[in-house]
Structure formats: C-alpha cells, structure tokens
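1. need coordinates for the following:
(chains A and B)
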Amino acid sequence: MIRFALGRLASLTASLIVASIVIFAVVEVIPGDPAAFMLGVNARPDTIAALRAEMGLDEPMVTRYAAWVGGMVQGDFGMSWTYKTPVATLVADRIWVSLPLAIYALALSTLVAFPAGIYAASRRGGAGDTAIMGATQLGVAIPNFWFAMILVLIFAINLRWFSAGGFPGWADPFAAIKALTLPAIALALPQAAILARVMRSSLLDMLGEDFMRTARAKGLTRRQALWRHALRNALIPVLTIIGLQFSFLLAGAIIIEQVFFLPGLGRLIFQAISARDLIVVESVVMLLVFTVIMVNFIVDLTYAAVDPRLRARA
Amino acid sequence: MSLLSLKTLSLQIGGTPVLQGIDLDMAQGQITAITGESGSGKSMTALAIMGLLPQGAELQGQILLDGTDIVQTPEPDLCQMRGNAMGMVFQEPMTALNPVQTIGAQVAETIRVHEHVTKAEAHARAATMLDRVGLKVAPTRYPHELSGGQRQRVVIAMAIAMRPKLLIADEPTTALDVTTQARILDLLQGLVDEFGMGLLLITHDLAVVADVADRIAVMQHGRIVEQGPTSDLLRVMRHPYTRALFAASTHAVDLPAVQQDAPLLAVRNVVRDYPTKRVSLLGPRPTFRALDNVSLTVNRAERVGLVGESGCGKSTLTRAILGLEPVQGGQITLDGAPVLQGDLALRRKMQVVFQDPYGSFNPRHRVDRLITEPFHLLQSPPKGAARDKAIAKALTDVGLPTDAADRYIHEFSGGQRQRLAIARALIVEPDLIIFDEAVSALDVSVRAQVLDLIADICRKRPLAYLFISHDLSVVRSITDRVLVMQAGKIVESGLTETVFADPQHPYTQSLIAAAPQLPELAHAADAL
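-> Predicted coordinates:
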C-alpha cells in the first residue's frame, strides 16, 4: 500500500512539472510579448517597457520559469496587474467560497445519488427503478443555470427562505451556508443524476457476477449480498465520477457563480481572462491543475483501499 | 429415508419447459452424479434444489431435503437452509469469490450468517476449514493471489463450513487442469466420507462420473433418461442416449496413415520472455521465461499434438508460431522461410482455430464475409462467382449447407460455429492449421463429430496440424505424434501411442495418471 502511494506520488509530481511547463509556455512564451498582449494594441512603448521590467520579461526564459515555480512553492503567486493585489490574496478570498461550495454540492449529490442508485439497482425493472431513472434523465437534461433561476424564483423571491445571491462571508457560518445552499443544489442536481445512473449500472453489473451467486448459496439474503458483496465492488467507477465531478465543481461553477453573484474562482478566472491579466490566469490555472491532480491522487488511494488487486499492481 | 428426493419435478422458465418430471433419490454419505450435455438441465436441477432459480421460473413437484419441501419453503427459510443444510460449489473458481474480501473473511461469513458467534471465533473456524480443504495459504490472502485450484478449495471450504448434509458441486473441476482436478475430486470424496454428507456431482465428464460416483443419472432434454448404481449403469446402459454419450466420449477417429518426412514447420530453440513487475525503479526489469529453448518440427501432412497444463506456455507457443509476438531467441520457419510479423504470403500457409466458438466471430458480419476473412492474405482474392464457389466448397467441406453463407453467427450452435471456424481456416488451403483447444468447449457428441470432420479433411487432402489441448484422450485419438510441455519446456515427445502407453518423463506419467478414465466395461458396452 505504501509502495502504491509512493508510486502514485511520483507520477503526481511528474504531472505537476509537465503541467507547469505547458502553462508557462502557453501563457508566457507563445503570445510573443506578454506585456504587449496585456496592454493591448494602443499601448505606448514606454508603458510596455515598464511592464516588461515589472514582470521581469527581460530575463531569460529558464530564469523566469524558475522564479515563477520558486515563488509558487513559497506561496508567492505574483501581483495581479488589474487588481494590484497579490494573486495569493485574490485566490485565498475566493477559495473560501469555491471550495465549500464544491464540497457542499458534492455532498448533496452523493447523498442523493447513492441511495437512489442502490434502490434502483435492487429493484431493477420495478416502478421505483423506472421512476428514479426517469428523474435522472430529467436531471441530466435540465441546464443547471435554468434550474438555478427556478430555485431563485421559488425559494428566494416567492418564499423568501433564501437570499437571491451574494455571499455574506464566513463571519456568520450559518448565514454563509445558507447563502451557498441554493447554488449547491443547482450544481448538485445534474451531478447527482449522473452519479445515480453510474451507481445503478455499476451495481447491476456486480449483481450478475458469479460471486454474488456464491454469496446467495452461503445463505445471504438478496439484500445482504448486495450490501456486503456488490456495493464495494461497484464503487470503483463511482469514485472515478466523483473525482471528475469535484474537479469540475471547483472551477466549473462559473455560470452558477454568475447567477448567484458569488465571488468564486470561476469568476476570478473569467474576469482575469477578459482583463488580459496573464499573471492571474497563469497562477490560478496552475493552482487548479494542482487541485485536480491532488483529487485524482486521493481517488487513486481510495481505489487501492477499496480493491486489493490495484494495490498489487502499483 | 433418503437425504434428497426429487419427485416429478418440472420447471418452466418464461413458459419454456426446462425440466420435465425429474425423479431422483440420493442417500447420505453417497456421491450421486448427474451427467448429460449442455442444455440438458443439469445445472437448473442444482439451482432448483438450492432455491436459486432465475426470475420467471415456475417449479412443480417436490424437492424434499430431509423431509422439507424446498419448492414450498418461503425465501427467508431458504436463506437459513442455504449454506447450512445445503452448500454449493460452482464451476468457475476464478470468478466465484469476491475479489475485495480476504478468503478467510469469505469463509467466516458462511458461519456468521448462520450462527451467532464472535468475529474472532468465526475466523478461527474458517481457518480450520481452510486447513481441512488442504489450502496452504494464509486466510488473510485475497482471491487474486491464489491459483484456480486453490480458489476452488476456498469455495469448497465456504460451502462446507457449516457441515451441510447436502453438497452440490456443479462442474467443480471442469475449469481445472487434470492433476488439480484429481486432487479436488480426492478432497470431495474425503469430505463425503468424513462428514457423511451427500454429494450431488454435476458434470459432463463421464470419466469423472465413472470414477467417483456411487449412482449416476443421465439427463437429456430436461429428463432423466436413465439412472442407477454406477457399476450397474455402466454395465447395462439401457437407454440409447446413455450408450451414445459413452460411445462419443471414448470416440476414436479413423486417421488416414500418412508417411511424409518433409519438414513443414520448424521451431528451433525458441525463447520468449515476458517482462514482469519492476522490483526497483532503476535497473533492468525482471522477466518471466514463458518459452525456454523450445524446439519442435511438424512435417508435411503430419498431425502433432501438444499437451500440458494451463500456464505451461502452450498459448505463448501458438502466438509465436503464428508470428503474432516477437521471440527473444531462436527461429521459427514455415516451409523454409522464417515466420515474421506481417508476412501475408506466409500467413496464408497457416491458419488457426481457437477454443471459443462464441468469441471468435464478429456477430455483425454474415457467414460469407466471416469465412472469407483470410482472403486478404491472397494476392488476387477470388471475386464474384469464384468467391461464391469457394464459399460453397468450404461450407460443404465442413458439412454445412451452402445457404449458411447468408446467415449470422448467432443462428449457429457451438459445434456449427467450430465447423465455420474450420471452414474459415481451410478456405485459403493452408499447409498447417493450429487447433488451439478447438474442441474443448464442445459437448462430447459434438466433439466426436468435429474430430471426425478433421479426420475426414485429412483423408481428402494432405493437412498438417498442431493440435493443442489439455484433454489427453482427444490428443491420443487425433494425432500421430505428441509433445508434452511443462513450464515452458518440451519435456517429452514421441509417437502418440508410444508416449501414452509408456510415458518416460515423470511429468507425462503424472498427467496420464491424473486423467480420469472410463473403465473398460464402458468400452465393452459401446462395442455392443
């Protein structure tokens, strides 16, 4: 198991290095002169020269890359050109919205999807299965921004249970969670629908396995066999989807952040790209890559915990 | 009173009759065998007794286990009986165990489902049981770390952990090698003696049946056509189907004598290494030697057999000969030319027939397209009428109607598909065919027909083949010369009759000794 973890850790580090080189190349090398790009076509040459000096663009490429990576390792992500604040501060403010929102949405979708998927699989072809599969069909089909607006219409405008948008900060945790509830539900709906379908089909695959028949021959009831033998085996594809969904939720919530006026990471990237603030784009993208790779690492470790065959294959 | 008694048991699944009026009695401490070909209802009888029939199954009649009628028993009570009063062992040990639980936990589960014992006690008893079935690995191991024979021992330990009165074993040794099969059969016999339980053994292998069973029931089309004590049944064989079944399983084909010494396929000192798991980050990867200095020759029109147990390198050798994989040493030549990957002209001279009649055809193509697949090896493949003629000839040669060309593969039975596979191999008129376990998945009667077909083709044209099989009796009847392979090496070779009658190498001796054989009286009966 430790061997497996170390092996994964080595490949994680390699991925990070490759990703950082690619990002650096795309943002700082391919556009030619990043300073000119950031300032636009009408910029005066001396302004560009000043920015070049500020960004250290006159240094050789390798030195710049080393400085960028070295800074990030120490928590220095550079200074935003448009906000005139350290990128680290910008990200820190927003991560406290995006991360809890992603975890909240993921928790909701898992809480709904697991029981729904298990129930549907255990009553395959029955009325409950048909109803759940119909509901997931709908859940996948409904665009989440539209669903978000319906939620706002019902719960914020008509019932006035929640506010329609904005984020009050974590000074009052209850208010903060309340503010994130509608966005989390809107994000969770399609995710839960997909997850429930994966859970169901993965379980159904397992129910047809020989070892399920062996379990029944031992005297386990249908239900016991499902819980004790099928579920753990069915988890691998489900974990894969959860990992992918979490990565998506972290930065992909931009539309929902717009609908609910949430100051999240998605919005930050969007604004930085529109403002051509390459320093922010570069560092935030790297940060997101780091998170995605970490999430995959955790998913890999969970695989190994679930399935002994994967531990051996390190 | 008998332990198990089936009274006029009938079964329909989705309206289709599967079992019709089964009557069977078995006593404690006895081995009763149900035998018959696939689809005869053997396994369904077993599942009916366990109360594990698929959905949509309708049972009539009685299944009395110690006086309790299983047909009338509600599901919760059945759960208490399964694993407790009756246990079951399945055919495929590789998939019968849960891959994510230790073997000890899986055996202990049988005990914990039925008795209120502590986890520690259940695990201790499980360890004892694993020891009793002769498993010499720790209970903390996972199934994937065990061989097929070891896994089957775990499955047996699970089934007998509660010392049930009835043990049902559905083809328990079919997926195993002969030497492993012999040990598992020994184990089962020992358990019957020690625990005094009744063993219902379901198998298509008549030699196994004749070897171990006290009573035999022969099934055909959902009915028991004949049953009785083993010695009586083997001596008398009242029903024609029983006679046909035994005749087919001892079927000897009539190979034409061929004398030609021109070498066709020559394998010289071939070595095949597979890289295995790294042990250190740097340094060379360790390798596993699957073929260790293998040399063999197949002459023109010669029929050569290759026997050995799973993992001995038979399949690796097949792939190497076909030029599908590189070798790390030695040389393979066909008709004097070295076998290289991608040499189409050479590929035409040798074709292959695989084991699985279901997996080796594309289900979306018609038969005409399937059997003309090797035409791409020809410089100018026949077109139009010539192609139709070639197809018709290939189909006729393997005993199929010419209108089969327009049909899809799912419309054919296993035996017919194997005929099509042979037609596909023959259509480019190769010099050599490799039969890789080509009859192993077939029922005895179908197998006999396919073997006859191969002999028939040999009579019509000179054909050399390498017949790879784990089934010694088949190899004995269909080859002139035999090679015995063990752990990547050819340990013995010689004329088939000589090797079988007087094996020299200890491994060959153990293989022949382990293979169950039909007693002579069965031979006498089919001569009648």
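2. what residues are up against the nearest residue to B:Arg476 once chain neighbours are set aside?
-> If you skip the residues right next to it in sequence, B:Arg476 has B:Phe500 as its closest partner in space, 5.3 Å away by CB to CB, 6 or more residues apart in numbering or on different chains. (Each C-beta comes from the backbone N, C-alpha and C, glycine too.) For B:Phe500, the set of contacting residues under the criterion of CB atoms under 8 Å, 6 or more residues apart in numbering or on different chains consists of B:472, B:476, B:482, B:512.
3. so which pair among those is furthest apart in space?
-> Put simply, by CB to CB the two of those set farthest apart are B:Val482 and B:Ile512, 11.0 Å from each other.
4. what's the burial count for B:Asp480?
-> Neighbour count for B:Asp480, taken as other CB atoms under 10 Å in any protein chain shown: 18.
5. same deal with B:Glu145?
-> 16.
6. let me know the pLDDT of it.
-> With respect to pLDDT, B:Glu145 scores 89.
7. so B:Ile34 belongs to a strand, correct?
-> Yes: when DSSP: H, G, I helix; E, B strand; the rest coil is applied, B:Ile34 is found to be in a strand.
8. that one bridge partners, please.
-> The partner list for B:Ile34 in beta bridges (DSSP bridges) reads B:Ile202, B:Ala217.
9. wait, what's in contact with A:Val87?
-> Counting by CB under 8 Å, 6+ apart, A:Val87 makes contact with A:77-80, A:279-280, A:283-284.
10. tell me which stretches of the stretch 401-528 of chain B form helices.
-> Under the criterion DSSP state H, counting those that start in this stretch, the stretch 401-528 of chain B contains helices at B:414-426, B:444-460, B:472-478, B:496-501, B:506-514, B:520-527.
11. what's the second one packed up against?
-> In this structure, helix B:444-460 packs against helix B:240-249, helix B:414-426, helix B:472-478, with contacts taken as 3 or more CB pairs under 8 Å, 6 or more residues apart in numbering or on different chains; DSSP states H and E.
12. output the below-cut-off pLDDT ranges for the chain.
-> Unless you meant another one, I'm taking chain A. In the prediction, chain A carries residues with pLDDT under 70 at positions A:31, A:312-314.
13. chain B, not that one
-> In the predicted model, chain B carries pLDDT under 70 at residues B:1, B:279-282, B:520-528.
14. show me how it divides into domains.
-> Per the record, chain B has its domains at B:4-249, B:260-278+B:289-349+B:432-437+B:462-528, by automatic domain parsing.
15. of the ones you listed, flag the one that's most buried.
-> Counting by mean count of other CB atoms under 10 Å in any protein chain shown, domain B:4-249 has the highest mean neighbour count of the domains of chain B, with a mean of 20.
16. hmm, A:Ile293 is touching A:Leu12, no?
-> Yes: in this structure, A:Ile293 sits in contact with A:Leu12. The criterion is CB atoms under 8 Å, and the distance is 5.6 Å.
17. make CSV from the contacts of B:Phe500 and add distance to A:Ile273 to it.
-> As requested, these are exported to CSV (distance: CB to CB, whole Å):
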residue, distance to A:Ile273
B:Leu472, 72
B:Arg476, 76
B:Val482, 73
B:Ile512, 76
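18. now the spatially closest residue to B:Glu226 that is not a sequence neighbour: how far from B:Lys393?
-> The spatial neighbour of B:Glu226 that comes closest, neighbours along the chain excluded (CB to CB, 6+ apart), is B:His239 at 4.1 Å. Going from B:His239 to B:Lys393 by CB to CB, to the nearest Å gives 39 Å.
19. gap between the helix or strand hosting A:Ala179 and the chain center?
-> Element membership of A:Ala179 [criterion: DSSP states H and E] is helix A:173-207. Using CA atoms, centre = their mean, to the nearest Å, the mean C-alpha position of helix A:173-207 is found 13 Å from that of the whole chain.
20. ok, now which ones touch the residue of chain A found nearest chain B?
-> When CB to the nearest CB is the measure, chain A has its nearest residue to chain B at A:Gly219, with 3.4 Å between them. Listed by CB under 8 Å, 6+ apart, the contact set of A:Gly219 reads B:79-84, B:110, B:113-114.
21. restricting to those residues, which residues neighbour chain A?
-> Counting by CB under 8 Å from any CB of the partner chain, B:79-84, B:110, B:113-114 from these sit close to chain A.
22. narrow those to those in strands?
-> Secondary structure assignment by DSSP state E places none of those in strands.
23. closest one of those to B:Val267?
-> Within the set of these, B:Thr110 lies nearest B:Val267; the separation is 48.9 Å, counting by CB to CB.
24. once you drop chain neighbours, what's closest to the closest one?
-> Counting by CB to CB, 6+ apart, B:Ala161 is the residue found nearest to B:Thr110 once chain neighbours are left out, at 4.2 Å.
25. now do A:Met294
-> Nearest one to A:Met294, counting by CB to CB, 6+ apart, is A:Leu12 at 7.6 Å.
26. okay, and that neighbour sits in which element?
-> helix A:2-24.
27. so how far is the following helix or strand past that helix from its chain's centroid?
-> Downstream of helix A:2-24, the first helix or strand assigned by DSSP H and E is helix A:34-39. When distances are taken as CA atoms, centre = their mean, helix A:34-39 is centred 30 Å away from the chain's centroid.
28. swap in stretch A:134-145?
-> Averaging C-alpha coordinates over stretch A:134-145 and over its chain gives two centres that are 20 Å apart (CA atoms, centre = their mean).
29. dump the C-alpha coordinates for that stretch into PDB.
-> Taking only C-alpha atoms (Å, rounded to 0.1, in the frame of the first residue of the first chain), the coordinates of stretch A:134-145 have been written out as PDB:
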ATOM      1  CA  GLY A 134     -36.900   8.900 -15.400                       C
ATOM      2  CA  ALA A 135     -35.900  11.500 -12.800                       C
ATOM      3  CA  THR A 136     -32.200  11.200 -13.600                       C
ATOM      4  CA  GLN A 137     -33.000  11.500 -17.300                       C
ATOM      5  CA  LEU A 138     -34.600  14.800 -16.400                       C
ATOM      6  CA  GLY A 139     -31.800  15.800 -14.100                       C
ATOM      7  CA  VAL A 140     -29.200  15.300 -16.800                       C
ATOM      8  CA  ALA A 141     -31.300  17.200 -19.300                       C
ATOM      9  CA  ILE A 142     -32.100  20.300 -17.300                       C
ATOM     10  CA  PRO A 143     -29.400  23.100 -17.700                       C
ATOM     11  CA  ASN A 144     -28.300  24.000 -14.200                       C
ATOM     12  CA  PHE A 145     -28.400  27.700 -14.700                       C
END
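30. can you list contacts of that stretch?
-> Contacts to stretch A:134-145, defined as CB under 8 Å, 6+ apart, come from residues A:116, A:186-187, A:189-190, A:192-194, A:196-197, A:255-256, A:258-259.
31. one more: stretch B:330-337?
-> Counting by CB under 8 Å, 6+ apart, residues outside stretch B:330-337 touching it are B:264-271, B:293-295, B:320-321, B:323, B:338-339, B:343, B:346, B:349-350, B:431-432.
32. try 7 Å this time
-> Stretch B:330-337 is contacted from outside by B:264-271, B:320-321, B:338-339, B:346, B:349-350, B:431-432, using CB atoms under 7 Å, 6 or more residues apart in numbering or on different chains.
33. try stretch A:295-314
-> Contact with stretch A:295-314 is made by A:1, A:3-5, A:7-8, A:12, A:232, A:235-236, A:239-240, A:243, A:246-247, B:99-100, B:142, B:144, as judged by CB under 7 Å, 6+ apart.
34. if any of these are buried, give me the PyMOL selection for them.
-> Of the contacts of stretch A:295-314, the buried ones go into a single PyMOL selection, burial set by 16 or more other CB atoms under 10 Å in any protein chain shown:
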select buried, (chain A and resi 4+8+12+232+235+236+239+240+243+246+247) or (chain B and resi 99+100+142)
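35. for whichever residue of the stretch 351-500 of chain B sits closest to chain A, which three-state class applies?
-> Sorted by distance to chain A under CB to the nearest CB, the residues of the stretch 351-500 of chain B start with B:Tyr358, at 17.2 Å. For B:Tyr358, the secondary structure call by three-state DSSP comes out as coil.
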